[in-house]
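Q: just to be clear, the model below is a prediction. Sequence and coordinates:
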Amino acid sequence: MDLRERVKAVAKDAPKPRAKKVWQQPTMADFEPGTVLSFDQSYSNTGWCFFKVSGHSVLVMDKGTLREAAPPGLTSHEAVIQRSVWMNNRISQVVQDWGSHPQIHIVGERPVVAGKRIESSLLTCLGLWTAVVEHTAKARPAIVANDHMKAVLCPPDERSEKRYIRAALERLGLDVGPGWNEHNRDALGLGLVHLYDRKKAA
């Protein structure tokens with residue numbers, strides 16, 4: 001076998017490159033039916049949403065935003081810890097109010113481990129985790145990364161700003177305009193993507 005033939009043989013046996021994954025707009029049929037209490041948590045603004053997916057519709061039963069101002073007179077780690085304690089107490093109350101619903105999915109945002117506000121993300125995720133363990137029969141909340149939520153709901157050129165989450169939810173036929181804000185929209189998006197992942201896994 002000469003050199004040219006050997007090159008052809010190697011090329012033939014070489015693994016084929018993976019086809020580039022093309023984003024597709026999800027439909028309501030892509031989400032597993034279920035009841036969800038989801039959180040977009042931080043120590044300054046935590047959005048939450050309690051909703052149910054049934055058939056091809058979403059029923060939002062309650063939603064809200066928990067806010068904590070910086071505590072006066074405290075700086076550095078003391079302020080971070082105090083805000084986190086206050087916020088986690090309020091997250092715990094929401095879990096107590098709605099978390100006992102039969103077969104509920106409790107979902108939070110995956111904490112970041114690099115970049116900005118690492119401590120806020122980790123401490124409030126710990127608060128949600130603790131509340132779930134203390135007040136429900138579950139061992140832990142389900143966790144969904146914000147980037148993954150955007151990758152599922154938004155086309156590639158619409159993942160850089162919060163306003164695109166609203167557009168993505170509205171494409172699903174959801175009314176998330178007046179009375180909503182970026183925090184509880186994100187909570188709804190995280191919860192929906194949890195049901196999306198479950199449907200894909202099944």
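A: Good, I have the coordinates. Nothing here was measured: the structure is a model prediction, and the numbers come from that model. Numbering: from 1, shown residues only.
Q: okay, buried residues for stretch 123-143 please.
A: Within stretch 123-143, the residues that qualify as buried by neighbour count (16 or more other Cβ atoms under 10 Å) are 123-125, 127-129, 131-132, 135-136, 141-142. C-beta: built from backbone N, CA, C; applies to glycine.
Q: so who does S57 touch?
A: Contact analysis of S57 by Cβ atoms under 8 Å, 6 or more residues apart in numbering lists M28.
Q: of the buried residues of stretch 123-143, closest to E182?
A: Lowest distance from E182 to the buried residues of stretch 123-143 (Cβ to Cβ) belongs to T124, with 16.3 Å.
Q: does that closest one sit in a helix or strand, and which one?
A: Following DSSP states H and E, one finds T124 within helix 118-135.
Q: could you spell out the sheet neighbours of the next helix or strand after that helix, each with its direction?
A: Scanning forward in sequence from helix 118-135 by DSSP H and E, the next helix or strand is strand 142-144. Sheet pairing for strand 142-144, assigned by DSSP bridges, gives strand 104-109 (parallel).
Q: run through the chain and note the low-pLDDT ranges.
A: Applying pLDDT under 70 to the chain flags residues 1-3, 6-20.
Q: ok, which stretches of it are strands?
A: 34-40, 45-54, 57-67, 104-109, 142-144 (DSSP state E).
Q: restricting to C-alpha, output the first one in CSV.
A: When you say that, I think you mean strand 34-40. In CSV, the C-alpha atoms belonging to strand 34-40 read as follows (Å, rounded to 0.1, in the frame of the first residue of the first chain):
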residue,chain,number,x,y,z
GLY,A,34,-45.8,18.6,37.1
THR,A,35,-46.1,21.1,40.0
VAL,A,36,-43.1,23.2,40.7
LEU,A,37,-41.9,25.7,43.3
SER,A,38,-38.8,27.4,41.8
PHE,A,39,-36.4,30.0,43.0
ASP,A,40,-33.9,32.5,41.3
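Q: name the helices or strands packed onto it?
A: Judged by 3 or more Cβ pairs under 8 Å, 6 or more residues apart in numbering; DSSP states H and E, the packing partners of strand 34-40 are strand 45-54, helix 76-98, strand 104-109, helix 182-201.
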